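# give me a 3D structure for the following:
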Amino acid sequence: MRWQRRAQIALGVVGLGVAVSLVVTRRDRPVVTPPPPIGSIDPKSLTSAGRGTYFFTASDGSRQGTLAYESNQTYEDGRMRFTGAVVSWVTGEPFTLRAGQIDTKGKANEPPDELHMSGGTHFETPSGLRVESGRATFRDATGVLSWPDAVTFAQGRLTGRGAGAAYRREAKTLSLLANANVVVGPDANGKGAVSATAGSMVLNRVEHAVHLDGAASVRVEAQSFTAARASLFLTDDEQTAKSLRLLGGGRVAPIAGSTGRTPRMEGEAIDLLFHPDGQTVQRATLVTAAVVSLGKDVLRAPWIDLELAGDGVTVIRLDARDKTHVDLAAAGESPARTIDARTLSATGAAKTGLTSATFDGGVLFAELPGAGRGGGPPLKGTSRTLVLALAGDLGAVDAAEFLREVELTDGVVTARADAVRHDIAKNRLSLRLGDKTSKVRPSVEDERVRLTGDAVDVNIETHDVHATGTAETRTRPQPKGASDASSLFDRSKPILGSAAEVTYVHKSGRVTYKGSARQLARVYQEKNDVKAEEITLEDASQNLTARRRVDTTLELAAPIDGSSPARPTEYRITSDELDFDQAERRATFRGPLVELRGAEEQAEGRALEFRLAADSRTVSGFTITGDVFARLSSGHEAVGDRLVFDAATGVYTLTGADKAARVKSPPESGSGADANCALQTGLALVFDRKNDVVRSSGPGGPVSSTTRIPCSQSIRR
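Numbering: from 1, shown residues only. Sure, this is the predicted structure:
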C-alpha cells in the first residue's frame with residue numbers, strides 16, 4: 001500500500017537524519033517487498049506477519065536500506081507496528097537504528113505523520129556515535145528525531161547524558177533538552193579530561209562542537225569555565241578539546257581546592273584556545289567588562305587578549321585596549337600601584353615570562369600609600385607612554401620608563417621630562433631629553449628650587465637631585481615674612497644658577513654647581529652674580545662658597561660718606577676662593593691675587609673681607625690684606641699690608657707690617673704731565689674720604705714722612 005511504502009521510507013529517514021542528510025524525497029518512494037503473512041497476532045489488527053525484511057529502494061532501483069523485524073501488524077486506521085525492528089541505511093553515512101517496537105501514525109492510504117519507537121532505542125553509526133534511550137519519535141514534517149526520556153550518547157572519548165533529546169537531520173545536531181552533561185574522557189595517559197554541564201546542550205557534528213545553554217559549566221583538569229552559554233569546540237575526531245567560547249558573564253578560575261595557577265578571567269564574552277593537549281589554555285580573548293587576575297595583580301579593560309606558555313600558567317603575551325586599568329599588588333619593598341592607559345601590550349617568552357609591558361595613550365600611574373620605598377610618600381604621574389621592564393609577570397617591575405609629556409610627583413618633588421626612567425631597585429628617577437621633536441627639558445622641583453638639565457637624576461628616597469648638561473636652577477621666592485632681604489641674595493626673589501653639573505641635597509637645601517675653566521658655574525640674582533669652577537649655596541643658612549677662578553659681581557648699597565645716604569654701588573671681585581657667612585654678614589675672598597673693582601675704588605691683595613650691615617644689604621666696610629694696592633675714588637694710590645674701609649665714617653686705614661704703608665696723592669689740578677705728587681709713608685695712614693686728607697696714625701702718635709715723586713710713577717709693588 002502507498003502509506004506503507006511511505007512509512008518504510010520514513011523509517012529510513014529516521015536513521016539518515018541521525019547520521020547524515022537523507023536524499024530520499026517523496027517522489028522517490030522505495031519499492032517494498034512484503035514478507036509472507038503468518039497469521040494474526042493482535043486481534044485488532046487486520047493483518048499480522050512474522051519475521052521479515054523490507055528493502056528500501058529508490059525509483060532508479062538502487063537499494064537505500066533495510067528494515068528487519070521480528071513481526072508486524074497492520075491496523076484499520078492505517079497504522080503499522082513492527083517489533084524487534086532494526087533499520088539499516090547504506091547510502092550516505094550508514095547507520096543502524098534498533099527499537100523494541102516501531103509504530104506508525106496516520107490514516108489509510110496516506111503517508112504517516114510520525115513514527116513512534118519504544119521498548120528501548122539504540123542509534124549507532126560506523127564512526128562510533130551511539131545514542132540510547134527508552135522512547136523516540138520521528139516527525140516527517142520537521143525531520144526531527146526526539147527522545148522524551150533520559151538519553152545517553154557516546155562518540156569515542158566523548159560521552160553525555162540528559163533529560164530529553166532531539167536530533168535534527170538537516171543540521172546534523174543532537175540536542176540534550178535538559179540537565180545536559182558531557183564528558184571527554186582522559187586519554188591513555190590519564191590526561192585531557194573535560195566535563196561540562198548546562199541546562200541544555202547541542203552537539204553539532206558538522207562543527208565538531210558542543211553548545212551549552214543555561215548556567216553552562218566546563219571543567220578542564222583543574223580549571224573551571226562558567227557562563228550563561230558556552231561552546232566547546234573539539235578536534236575533528238571529537239576526542240580532544242580545541243577551543244571554548246563563553247558568552248554572558250564568562251568566568252575562568254581554578255577549581256576550588258586545586259593548586260591551579262591559570263589566570264582568573266571574567267568577561268561578557270571569552271574565547272579560549274587550548275594547547276594540543278586539550279587541557280591547558282594557550283590563548284584567551286575577553287570582550288566587554290574583561291578582567292584578568294594574574295596572581296594578585298588585576299587587569300581590567302573592554303578587550304583583553306593573552307597568550308600562555310605550554311604550562312597554561314606563564315603569560316608570554318598580553319594585550320588590552322580601550323581604557324585599560326591595572327592594579328599591581330604590593331610585594332616586598334614595592335608598593336601597590338595602579339596604571340591607567342588606552343592600550344597595553346606586554347611580551348615575553350616561555351622560559352622568562354613577561355619581560356616588557358608598554359602602556360600607551362593617556363597614562364596615569366600611581367603608587368598607593370603603604371609599605372614600600374622605605375615608607376616614603378607614594379609616586380604618581382602622567383605620560384603618553386609607559387614601558388615596564390618586567391621580571392616574569394606584570395607585577396614584577398624592575399624599571400619603568402615614561403615617555404612624552406611626563407610629570408611625576410610624590411608630593412615632595414615633581415619631575416617633568418619627555419623621557420623618565422624609574423629604576424625600582426635604586427629608587428631613582430632618571431630624566432632625559434626626548435627625541436628630536438621634544439621641546440621639554442628635564443626638570444625637578446620641590447618647595448625650594450627647580451632644577452633643569454639635559455640629564456637629571458633624582459633619588460626618590462632622599463629627594464637629592466643631580467643634573468648635568470647645561471644644568472640650571474631657580475629658587476622659589478620665599479614669603480615676605482620669611483625672606484631675608486639683607487642676605488647676599490634677596491630670598492623674596494628667585495635666585496638663579498647654572499653649571500655643567502648641579503647637585504642638590506634636599507634635606508639641607510644645599511646646591512653645588514660644578515663648571516670648568518672653559519665654562520664657569522654661575523649663581524646670580526639681578527646684578528649680583530658669582531662665577532667659579534665650583535659654587536655651593538646653602539638654602540637654610542644662605543652661606544655660599546666658590547672655588548677656582550671666582551668672578552663675583554655685587555650690587556650693594558654703599559654710603560658716599562659717613563653722613564650721606566647709601567646708594568647702589570656695583571663691585572666686581574676676582575679671586576680664587578669666596579666664602580660668604582650669612583650669620584657673620586661677611587664675604588671673604590682669597591687667592592694669590594684678589595682684585596676689587598668698584599665705582600669709587602679699585603684694590604687688590606691676597607684676601608678681601610666684605611662686611612654687610614646687620615639689617616640691610618648695605619656695605620658696612622671691607623678689609624683687604626696681603627700686598628695691598630688700592631686706587632681710591634679721590635685718585636690716591638695706596639700700598640700696604642692691610643687696608644680697612646669703614647663705611648660709617650668714610651675712612652680708609654692703611655697699615656704696613658715689615659714694610660711701611662704708602663699713599664700717593666693725585667696730581668694737583670692744572671699740573672702738567674711731568675708734575676710731582678706727594679708720597680706719604682708711615683706705619684699707619686688714614687684717608688678720610690670726606691675731605692681727601694691723609695694723616696698718619698699710630699700708638700705713639702703720628703709717625704710719617706712725605707716726599708715727592710713724579711705723578712706718572714706708580715707706587716704699586
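# figure out the length between the terminal residues of stretch 522-529.
7 Å (CA to CA, to the nearest Å).
# show me where pLDDT drops low in the stretch 501-650 of the chain?
559-566 (pLDDT under 70).
# which parts of it are strands?
Ranges of strands within the stretch 501-650 of the chain are 510-514, 521-525, 528-532, 534-538, 544-559, 566-581, 586-598, 602-612, 619-631, 637-646, based on DSSP state E, counting those that start in this stretch.
# over to the stretch 1-150 of the chain?
45-49, 52-57, 63-69, 71-75, 80-89, 95-105, 114-124, 130-133, 136-139, 144-155.
# tell me which of these sits nearest to Arg642.
Among these, the nearest to Arg642 by CB to CB is strand 144-155 (113.4 Å). Heads up, the C-betas are built off the backbone N, CA and C, glycines and all.
# tell me which strands that closest one pairs with, and in which orientation.
Using DSSP bridges, the strands paired with strand 144-155 are strand 130-133 (antiparallel), strand 136-139 (antiparallel), strand 158-168 (antiparallel).
# and these, which one is worst for confidence?
If the strands paired with strand 144-155 are sorted by mean pLDDT, strand 136-139 sits at the bottom with a mean of 85.
# so how far is that one from its chain's centroid?
60 Å (CA atoms, centre = their mean, to the nearest Å).
# can I get that strand in CSV, CA atoms only?
Extracted in CSV, the C-alpha atoms of strand 136-139 (Å, rounded to 0.1, in the frame of the first residue of the first chain):
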residue,chain,number,x,y,z
ALA,A,136,11.8,8.1,20.4
THR,A,137,9.6,9.9,17.9
PHE,A,138,10.3,11.0,14.4
ARG,A,139,8.2,13.7,12.7
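# buried residues of that strand, list them for me.
Buried residues in strand 136-139, counting neighbours by 16 or more other CB atoms under 10 Å, are found at 136-138.
# then stretch 284-294?
284-287, 290-294.
# ok, and the closest non-adjacent residue to Ala532?
Ala546 (3.7 Å; CB to CB, 6 or more residues apart in numbering).
# same thing with Gly134?
Asp149 (4.7 Å).
# returning to that earlier point: tell me the contacts of the residue nearest to Ala532?
530-532, 534-536, 552, 577-578 (CB atoms under 8 Å, 6 or more residues apart in numbering).
# nearest to Asp688, of the buried residues of stretch 284-294?
Closest to Asp688, out of all of those and judged by CB to CB, is Leu294, at 86.3 Å.
# that closest one contacts Gly395, correct?
Yes: counting by CB atoms under 8 Å, Leu294 does reach Gly395; the two are 7.1 Å apart.
# just to revisit the earlier point, any chance of the strands of the stretch 501-650 of the chain in TSV with distance to Arg716 as columns?
Output for the strands of the stretch 501-650 of the chain, formatted as TSV (distance: least, CB to CB, whole Å):
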stretch	distance to Arg716
strand 510-514	34
strand 521-525	31
strand 528-532	26
strand 534-538	31
strand 544-559	22
strand 566-581	17
strand 586-598	12
strand 602-612	9
strand 619-631	5
strand 637-646	7
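# of all those, which one is nearest Glu76?
Nearest to Glu76, of those and by CB to CB, is strand 510-514 at 115.6 Å.
# which neighbours does the closest one have in its sheet, and in what orientation?
strand 496-505 (antiparallel), strand 534-538 (antiparallel).
# got the angle for that strand vs strand 521-525?
130 degrees (axes from the mean of the first three to the mean of the last three CA atoms, to 10 degrees).
# got the angle for strand 510-514 vs strand 544-559?
100 degrees.
# give me the contact list for strand 510-514.
For strand 510-514, using CB under 8 Å, 6+ apart, the contacting residues are 449, 471, 473, 497-505, 521-523, 533-539.
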